[in-house]
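> pasted the sequence and its predicted model underneath.
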Amino acid sequence: MSVTIYHNPDCGTSRNTLAMIRGAGIEPRIVLYVENPPDRARLVELIDRAGLSVREAIRIKDTPYFELGLDNPDLSDEELIEAMLADPILINRPFVETPHGVRLCRPSEIVLDILPEALGIPFTKEDGEVVIDAAGNRV
């Protein structure tokens, strides 16, 4: 099965998502998007396939979002995409693509919506939160 994660190893949510994918026995293609951002067409495609608006796909926390004035409601989607491409830390994470769809996996357990292969496999997040219990039930 082909799975791609747009990953930031400094992000706990991204690490938890990657761990769930691997817990399902799948080694995904890992794109370290801060160093290797998607091109414009790919970024737009990921946002669209995930069912998000461009604003929903922008990361605000720990980014230059406010300093760049990206909170201005008059900015177009094109201007927001330009900002994300110029500074990829503004791309929210992690986007995951599987044969079942694309999702922005925030929280990380959203990956289960597009990775049914991980259902039934116990998983606990780094912080101790149980996502799938020992009986294989989603919590």
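Cool, got the structure. Numbers count the residues shown, from 1 in each chain.
> who's in contact with G12?
125-127 (CB atoms under 8 Å, 6 or more residues apart in numbering). Just so you know, the C-beta spots here come from the backbone N, C-alpha and C atoms, and that holds for glycine as well.
> how about it, phi and psi?
phi -60, psi -40 (degrees, to the nearest 10).
> distance-wise, check it relative to C105.
12 Å (CB to CB, to the nearest Å).
> return the subset of the contacts of G12 lying in helices.
Assigned to helices by DSSP state H, none of the contacts of G12 qualify.
> how about the contacts made by the residue nearest the centre of the chain?
Note on the chain: the residue nearest the mean C-alpha position is P94, at 1.9 Å, using CA atoms, centre = their mean. Shown in contact with P94 (CB under 8 Å, 6+ apart): 5-8, 11, 13-14, 17-18, 104-105, 108.
> mind checking which of these are in helices?
13-14, 17-18.
> list the buried residues in stretch 27-39.
Buried residues in stretch 27-39, defined by neighbour count with 16 or more other CB atoms under 10 Å: 28, 30-31, 33-34, 37-38.
> one step back: most neighbours out of the ones in helices among the contacts of P94, which is it?
Neighbour tally across the ones in helices among the contacts of P94 (other CB atoms under 10 Å): the maximum, 29 neighbours, falls on T17.
> tell me how far that one lies from L80.
24 Å.
> do a quick rundown of the helices in this protein.
12-23, 40-49, 77-86.
> dump these into TSV; add distance to L70 as well.
Formatted as TSV, the helices of the chain follow (distance: least, CB to CB, whole Å):
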stretch	distance to L70
helix 12-23	21
helix 40-49	15
helix 77-86	6
